[in-house]
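Q: Provided below are the primary sequence and the corresponding predicted coordinates.
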Amino acid sequence: MNAVDEPPVERLVRGEVSGGIATITLDSPRNRNALSVRLLGELRDHLDRALADDGVRVIVLTGTGPVFCAGADLKEQRLGPGAAKDAPVTASFPEIMRVIWESPKPVICRLNGTARAGGLGLVAACDFAVAPDTASFAFTEVRLGVVPAMISVTVLRRLDPRAAAEYLMTGETFDAARAQEIGLLTRAVPEADLDRTVAHYAGMLLRGGPEALALTKRLVRTVPAMPLEEGMRRMAELSAERFTSAEGQEGIAAFMEKRPASWVPREA
Ligand SMILES: CC(C)(COP(=O)([O-])OP(=O)([O-])OC[C@H]1O[C@@H](n2cnc3c(N)ncnc32)[C@H](O)[C@@H]1OP(=O)([O-])[O-])[C@@H](O)C(=O)NCCC(=O)NCCSC(=O)C[C@@](C)(O)CC(=O)[O-]
């Protein structure tokens with residue numbers, strides 16, 4: 001078969017950029033967007049592209065079908081004859097969660113539906129997570145005899161500790177209202193309001209200064225772990241830097257002049 005006759009490669013992840021927002025869509029509904037090696041590779045490529053694109057200010061991660069993500073691809077993890085001897089999902093998944101967690105651009109998870117296990121590691125890595133109120137959630141790992149190890153790094157930074165013990169240790173299914181209550185979701189909303197809610201958060205994020213937003217994302221993650229005195233000192237330094245930055249001065253000038261801020265970098 002020559003190159004012309006080759007069937008087109010089916011993509012498992014799609015990406016599009018519009019109005020400063022990169023939308024990355026897990027598009028493997030047949031296996032409920034399970035985290036196969038190929039899907040993870042494509043997801044990483046889309047994330048890298050969105051991060052490198054100066055026109056992108058906000059990233060939205062979503063999926064197609066009834067499920068946002070069913071976790072590790074269990075077909076790939078089943079070690080039949082001739083299969084890999086290690087667990088394929090461990091090669092790239094932790095790095096993808098780290099890239100999302102540390103992305104200077106805010107990441108909104110728009111859950112199109114239910115999520116399980118590894119899928120919840122992705123949800124927890126994102127800064128915002130909005131889901132339909134019909135979605136369900138479970139950390140199913142222990143019931144499979146495996147451990148929610150990789151995802152614990154993001155999940156345990158979000159979840160109320162009592163709820164973490166309850167749901168990670170029992171594997172019990174819980175609903176979207178409970179997921180919001182325990183810190184896994186930003187909002188659970190009626191399905192009809194999903195896009196409006198995501199657009200609301202994205203719109204609010206686009207209004208902020210890009211550098212200020214990246215720094216604020218970092219401090220949300222790091223300041224709670226800082227000793228009090230060090231936190232006060234370092235944050236006073238950061239605050240002083242920001243008041244005198246080009247972006248800070250533009251934001252203040254725009255307020256005083258009653259006009260929208262222009263976040264194009266200027267000479268200080
Ligand atoms: C998600 C629901 C509720 C949707 O429930 P549903 O919508 O009723 O869909 P379904 O169960 O009928 O599944 C539809 C198709 O998707 C496939 N499918 C579905 N999930 C997977 C999967 N993970 N891997 C591979 N294939 C999967 C499933 O096998 C089936 O394929 P078919 O029989 O039609 O050929 C249900 O499908 C389900 O319970 N799936 C299993 C979820 C699960 O237990 N995942 C655990 C993954 S282990 C993991 O993530 C470990 C990790 C990464 O956290 C470890 C660590 O952090 O260190």
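A: Cool, got the structure. Numbering: from 1, shown residues only.
Q: got the residues of the stretch 1-150 of the chain near the ligand?
A: 31-32, 34, 66-67, 70-75, 89, 114, 116-118, 121, 140-141, 144, 146-150 (Cβ under 6 Å from any ligand atom). The way it works is simple: take the backbone N, C-alpha and C, and place the C-beta from them, glycine included.
Q: swap in 5 Å and give it another go.
A: Counting by Cβ under 5 Å from any ligand atom, the residues of the stretch 1-150 of the chain lying close to the ligand are 31-32, 34, 67, 70-75, 116-118, 140, 148-150.
Q: how about the residues of the stretch 151-268 of the chain by the ligand?
A: Within the stretch 151-268 of the chain, the positions lying close to the ligand (Cβ under 5 Å from any ligand atom) are I151.
Q: for the ligand, what is the nearest residue in the stretch 151-268 of the chain?
A: Relative to the ligand, the nearest point of the stretch 151-268 of the chain is I151 (3.7 Å; Cβ to the nearest ligand atom).
Q: element containing F137?
A: Assignment of secondary structure by DSSP states H and E places F137 within strand 136-138.
Q: follow-up on the earlier one: enumerate every residue touching the residue of the stretch 151-268 of the chain closest to the ligand.
A: Shown in contact with I151 (Cβ atoms under 8 Å, 6 or more residues apart in numbering): M97, A117, G118, L120, G121, A124, F139.
Q: gap between the helix or strand harbouring G248 and the chain center?
A: Taking DSSP H and E as the criterion, G248 maps to helix 246-256. Offset of helix 246-256 from its chain centre (Cα atoms, centre = their mean, to the nearest Å): 30 Å.
Q: swap in stretch 126-135?
A: Here stretch 126-135 is found 11 Å from its chain centre; the criterion is Cα atoms, centre = their mean.
Q: pull the residues that contact it.
A: So stretch 126-135 is contacted by 61, 68, 100, 106-115, 123, 175-177, 179, 184-191, 194, 197-198, 201, 217, 220 (Cβ under 8 Å, 6+ apart).
Q: please save the CA atoms from stretch 55-74 in PDB.
A: Only the C-alpha atoms of stretch 55-74 are listed here, as PDB (Å, rounded to 0.1, in the frame of the first residue of the first chain):
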ATOM      1  CA  GLY A  55      -2.300  33.900  21.100                       C
ATOM      2  CA  VAL A  56      -3.600  31.300  23.700                       C
ATOM      3  CA  ARG A  57      -4.500  32.800  27.100                       C
ATOM      4  CA  VAL A  58      -6.800  30.000  28.500                       C
ATOM      5  CA  ILE A  59      -6.900  26.300  27.900                       C
ATOM      6  CA  VAL A  60     -10.100  24.300  28.100                       C
ATOM      7  CA  LEU A  61      -9.800  20.500  28.400                       C
ATOM      8  CA  THR A  62     -13.000  18.500  27.500                       C
ATOM      9  CA  GLY A  63     -14.100  15.200  25.900                       C
ATOM     10  CA  THR A  64     -16.800  13.700  23.600                       C
ATOM     11  CA  GLY A  65     -19.400  11.100  24.500                       C
ATOM     12  CA  PRO A  66     -21.000  10.400  27.800                       C
ATOM     13  CA  VAL A  67     -17.800  10.100  29.800                       C
ATOM     14  CA  PHE A  68     -15.000  12.700  30.200                       C
ATOM     15  CA  CYS A  69     -12.400  10.000  30.900                       C
ATOM     16  CA  ALA A  70     -12.500   6.400  32.200                       C
ATOM     17  CA  GLY A  71      -9.000   6.400  33.500                       C
ATOM     18  CA  ALA A  72      -6.100   4.200  32.400                       C
ATOM     19  CA  ASP A  73      -6.800   2.100  29.300                       C
ATOM     20  CA  LEU A  74      -7.400  -1.200  31.000                       C
END
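Q: mind listing what's buried along that stretch?
A: By neighbour count with 16 or more other Cβ atoms under 10 Å, stretch 55-74 contains the buried residues 56-63, 65, 67-74.
Q: just stretch 194-201 next, same as before
A: L194, T197, V198, Y201.
Q: list the contacts of S36.
A: Shown in contact with S36 (Cβ under 8 Å, 6+ apart): L12, S28, D73, K75, E76, P88.
Q: next, count neighbours for the fourth one.
A: Same thing as K75. Per other Cβ atoms under 10 Å, the neighbour tally for K75 reads 11.
Q: any idea how far it lies from V9?
A: 19 Å (Cβ to Cβ, to the nearest Å).
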